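> I'll drop the sequence and a predicted model, then ask my questions.
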Amino acid sequence: MVKTLAVMTSGGDAPGMNAAVRAVVRRALDSALAVYGIYNGYEGLVQGGDAFRSLTWEDVGGTLHRGGTFLGTARSERFKTREGRHQAVRNLLERGIQALVVIGGDGSLSGAAVLASEWPEHVVQLRTEGFGLNTAVDENVAPLQVIGLPGSIDNDLFGTDMSIGADTALNHIVRAMDNLSSTAASHQRTFVVETMGRHCGYLALMAALAGEASWVLVPEEDLGLRWHQRMVEDIEQSRKIGRAHQMVVVAEGAKHADGLPIRSEDIKTILGERLKIDVRLTVLGHVQRGGSPTAFDRILASRLGAAAVDFLVRRPDTIHRHMLGVQKNVVVATPLEEVVEKSRMVGVEIENGNFAQALALRGESFRNTLSLVKTLTRISPAEDTHSKGAVVIVTDGADAPGMNAAVSVCGRSLMNQGFKVYAARDAFLGLIEGNFLELNWHDLVGWVNRPGSEIGTARHELLEDDFITIAQNLARRQIKGIVAIGGWDTYLRIAQLVEQREHFEELQIPMVLVPASIDNNLPCTDFCIGSDTALNNIVDCVDKIRHTAGATRRAFIVEVMGRECGFLALLSALASGAEKAYLPETGISLAGLNEDVEVLKRSFACGKRMVIFLRNEHSSRHYTTDFIRRLMEEESKDQFEVRTAILGHVQRGGAPTAFDRILASRMGAAAAETLQQLIQEDASDVRLLGLRGRGIVACSQAQGFQEMDHRRGRPRQQWFMDLAEVADALAKHAPVCLLDHRPEPASA
């Protein structure tokens, strides 16, 4: 049984590493383990001494929102030698450390694998050297347990769909592109943006999709001998048709067909000289690594950090040589050797000029995204937009960040297939009033980063007479299919249209539903468009509230949206370190409130300065946010203050995050493809799209409605509720002085 473990960060720093360390430390302490932090990576592992420090609950407090890694990271030439690794083993044994959690990239994980494989040899050598006569090393020394966590902004590790830090880096790039777009449009300039990514084009490719770049160059693609001519022609055509600006995104590892690197300075020179235009170069560099991690990275890091301890504690008979990653939204263990080998394989194929093989190794999602980017960067549709008839797009219900991206990508994908595309102004009101807007390929460019919905989302309850006018307006424009983007109310209104099919032949057409709701309460999907932006808005607000912590002891009750779904409250609590989340799934009881009051009293008595509770707006009908405030204020007896913050529509505001732009783009493209297939098959089915695992799935209407708890207005099974226990364990609003079950670190 593991009783003592150590955690370290290595390689390039990545936002979210601190969140991972925090999760490892607190989960370990909560599991009655002693924890060491190893400072300065493998160099500290070899150095020993002060580089090994026992970590307590308080030591990792206040680190969740910090970028970089407070443990530090450094390259170690000494660790690359056998002598250096021998000293590292001695340092670990001296402190009784039985398990090592390493957070880093393929180089860091490779070092951990080598250390674990050599461990028995070093133990034998230490015994012959006389080390261990005091039983620190005996015949029963267990193998070193090693768990790796993927920490790399490049997102280039096999065994996980996302690595810690990649989402934050991508958001930095996308925000920079948004800022550059405004100045580029003002001066009619063309920008070349260089991103990180030596052997992986993930950041460049996803940024090109989320930032609507005109061209993208990634290491995995075979660009051909004359790629620069095609690029020049496309940029020239874009300028001729009047687009305000153009942007070329290039990964630092992009290569010519002959294997020579493509320099971003050369791209700038080629465009400037051949087109006689003003071209500016922006090399983002290490700004991509910096800053506070996004909600996604905090949650990912916390899930993986807690899981690392759980794997060690709950599987004592397993010799752990694994990296933990998230695949299809589930934590999965992959052998370290396999992770390192297959992660480096892509780089080898690129160096050998086997671009097709490198692209295949990246997976289907990467290839599909590259294909989608090529479609969206076209100057005009591939087919005549009137050849296959007309379809209509509707955005309905409450607006969600990313709706415009879904409309833009869905519309252009349908046009590229030969359809004429309308938008119904103000959702179903537009269908009723015949307020149709014909969408244009060029007009839809530039919508991806816009908040809200450009075509309107007015709420309207359908009446009996409305079906007649809807049918007439659909017939007038010979509409062959509908794409509806919205929340649960949208799904119900589409169901009403389906019920009227026996009366109206015009309604016997295929319909595709795209989930867009910050509440994340829809069937057939793990994530809805808009939910990630809302999460980040909430976390930003909670971070700012924490900044107000001073001499006054305060408890804050922050109310968030979500209707009958606790997604926003629970995951915001996990990402912000809030001490508690009140959820509609679990409800609120008077006994629970009394217990929370007592814990608050003890917490502040033990030195706590601030406590934050998150409350879902529908977590209780009677125990409102104000009621809880007044209760706690009354019971505090002036020991602490209680404040409330109702975030309201700030949660919906602002430009969508990179995650929501990419999700909306993928779903928009999938909606177009699904609708086109249904029309081609002359089917009148209704399909509900969703993100399940790595890909976009299409469920039947019957399946989607079966998944829903109609009384509650949320899915019967919600994956994120499995994280409730983790969020509670890592927050522990019981003060440290009450956590007397934590052991002291083991001695030699």
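Received, thanks.
> quick one: the helices in the stretch 401-550 of the chain, in order.
403-416, 428-433, 441-444, 464-476, 488-499, 531-546 (DSSP state H, counting those that start in this stretch).
> mind checking the pLDDT average for the first one?
Helix 403-416 shows an average pLDDT of 97 in the prediction.
> for it, name the packing helices and strands.
Identification of packing neighbours for helix 403-416 by 3 or more CB pairs under 8 Å, 6 or more residues apart in numbering; DSSP states H and E yields helix 364-376, strand 390-395, strand 420-424, helix 441-444, strand 479-486, helix 658-680. Any C-beta I mention is one placed from the backbone N, CA and C, and that applies to glycine too.
> the strands in the stretch 601-748 of the chain, which residues?
Under the criterion DSSP state E, counting those that start in this stretch, the stretch 601-748 of the chain contains strands at 610-616, 641-646, 686-692, 695-700, 708-709, 714-715.
> could you dump the ones you listed into a markdown table with mean pLDDT and mean neighbour count added?
Compiled in a markdown table, those are given as follows (pLDDT from 0 to 100; neighbours: other CB atoms under 10 Å):
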| stretch | mean pLDDT | mean neighbour count |
| --- | --- | --- |
| strand 610-616 | 95 | 25 |
| strand 641-646 | 95 | 16 |
| strand 686-692 | 97 | 23 |
| strand 695-700 | 94 | 17 |
| strand 708-709 | 96 | 16 |
| strand 714-715 | 96 | 22 |
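> need those in TSV with distance to Lys328, can you?
Formatted as TSV, the strands of the stretch 601-748 of the chain follow (distance: least, CB to CB, whole Å):
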stretch	distance to Lys328
strand 610-616	27
strand 641-646	35
strand 686-692	8
strand 695-700	9
strand 708-709	22
strand 714-715	17
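> for Ile267, find the nearest of those.
Of all the strands of the stretch 601-748 of the chain, strand 695-700 sits nearest to Ile267, with 32.6 Å by CB to CB.
> what lines up beside the closest one in the sheet?
Within its sheet, strand 695-700 is paired with strand 686-692 (antiparallel), according to DSSP bridges.
> between strand 479-486 and the partner strand, find me the angle.
Strand 686-692 runs at 40 degrees relative to strand 479-486, counting by axes from the mean of the first three to the mean of the last three CA atoms, to 10 degrees.
> next, the angle helix 488-499 makes with strand 686-692.
Strand 686-692 and helix 488-499 are oriented at 150 degrees to each other (the same axes, to 10 degrees).
> domain parsing of the protein, as residue ranges.
As assigned by automatic domain parsing, the chain contains the domains 4-163+293-327, 166-288, 390-528+656-717, 531-654+724-731.
> quick check: mean pLDDT across the second one?
Here domain 166-288 scores 92 as its mean pLDDT.
> got it, and the first one?
For domain 4-163+293-327, mean pLDDT rounds to 93.
> span of stretch 95-109 from start to end?
Start-to-end span of stretch 95-109 (CA to CA, to the nearest Å) is 22 Å.
> buried ones in it?
The neighbour-count check on stretch 95-109 (16 or more other CB atoms under 10 Å) flags 95, 97-109 as buried.
> before we move on, back to that, could the helices and strands packed on helix 403-416 go into JSON lines alongside mean pLDDT and mean neighbour count?
Below are the helices and strands packed on helix 403-416 laid out as JSON lines (pLDDT from 0 to 100; neighbours: other CB under 10 Å):
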{"stretch": "helix 364-376", "mean pLDDT": "93", "mean neighbour count": "17"}
{"stretch": "strand 390-395", "mean pLDDT": "98", "mean neighbour count": "26"}
{"stretch": "strand 420-424", "mean pLDDT": "97", "mean neighbour count": "24"}
{"stretch": "helix 441-444", "mean pLDDT": "92", "mean neighbour count": "16"}
{"stretch": "strand 479-486", "mean pLDDT": "98", "mean neighbour count": "26"}
{"stretch": "helix 658-680", "mean pLDDT": "97", "mean neighbour count": "25"}
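> okay if I get these as JSON lines plus distance to Arg344?
Listed next are the helices and strands packed on helix 403-416 as JSON lines, based on distance: least, CB to CB, whole Å:
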{"stretch": "helix 364-376", "distance to Arg344": "17"}
{"stretch": "strand 390-395", "distance to Arg344": "44"}
{"stretch": "strand 420-424", "distance to Arg344": "44"}
{"stretch": "helix 441-444", "distance to Arg344": "40"}
{"stretch": "strand 479-486", "distance to Arg344": "41"}
{"stretch": "helix 658-680", "distance to Arg344": "26"}
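> buried ones in stretch 402-415?
Neighbour counts over stretch 402-415 (16+ other CB under 10 Å) mark 402-415 as buried.
> to Thr318, which of the helices of the stretch 401-550 of the chain lies closest?
Nearest of these to Thr318, taken as CB to CB: helix 531-546 at 33.8 Å.
> what angle separates whatever helix or strand comes next after that closest one from strand 610-616?
Of the helices and strands lying after helix 531-546 in sequence (DSSP states H and E), the nearest is strand 554-560. Put simply, strand 554-560 runs at 20 degrees to strand 610-616, going by the same axes, to 10 degrees.
> re the thing from before, and the helices of the stretch 401-550 of the chain as TSV, adding distance to Gln651?
TSV is the format used below for those (distance: least, CB to CB, whole Å):
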stretch	distance to Gln651
helix 403-416	15
helix 428-433	24
helix 441-444	26
helix 464-476	31
helix 488-499	17
helix 531-546	5
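> pick the most deeply packed of the ones you listed.
Greatest average neighbour count among the helices of the stretch 401-550 of the chain goes to helix 403-416 (a mean of 28), per mean count of other CB atoms under 10 Å.
> on that earlier part again, tell me which of the helices and strands packed on helix 403-416 sits nearest to Val114.
Nearest of these to Val114, taken as CB to CB: helix 364-376 at 29.2 Å.
> how about residues contacting that closest one?
Applying CB atoms under 8 Å, 6 or more residues apart in numbering, the external contacts of helix 364-376 come out as 202, 205-206, 208-209, 212-213, 216, 218, 220-221, 359-360, 382, 409, 412-413, 416, 662, 665-666, 669, 694-695.
> using PDB, write out every CA atom in it.
What follows is helix 364-376 as a C-alpha-only set of coordinates in PDB (Å, rounded to 0.1, in the frame of the first residue of the first chain):
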ATOM      1  CA  GLU A 364     -10.100  11.300 -37.400                       C
ATOM      2  CA  SER A 365     -11.000  14.400 -35.500                       C
ATOM      3  CA  PHE A 366      -7.800  16.200 -36.500                       C
ATOM      4  CA  ARG A 367      -8.300  15.300 -40.200                       C
ATOM      5  CA  ASN A 368     -11.900  16.300 -40.200                       C
ATOM      6  CA  THR A 369     -11.100  19.700 -38.700                       C
ATOM      7  CA  LEU A 370      -8.400  20.200 -41.300                       C
ATOM      8  CA  SER A 371     -10.900  19.400 -44.100                       C
ATOM      9  CA  LEU A 372     -13.500  21.800 -42.500                       C
ATOM     10  CA  VAL A 373     -10.900  24.600 -42.300                       C
ATOM     11  CA  LYS A 374     -10.200  24.200 -46.000                       C
ATOM     12  CA  THR A 375     -13.900  24.400 -46.800                       C
ATOM     13  CA  LEU A 376     -14.400  27.500 -44.700                       C
END
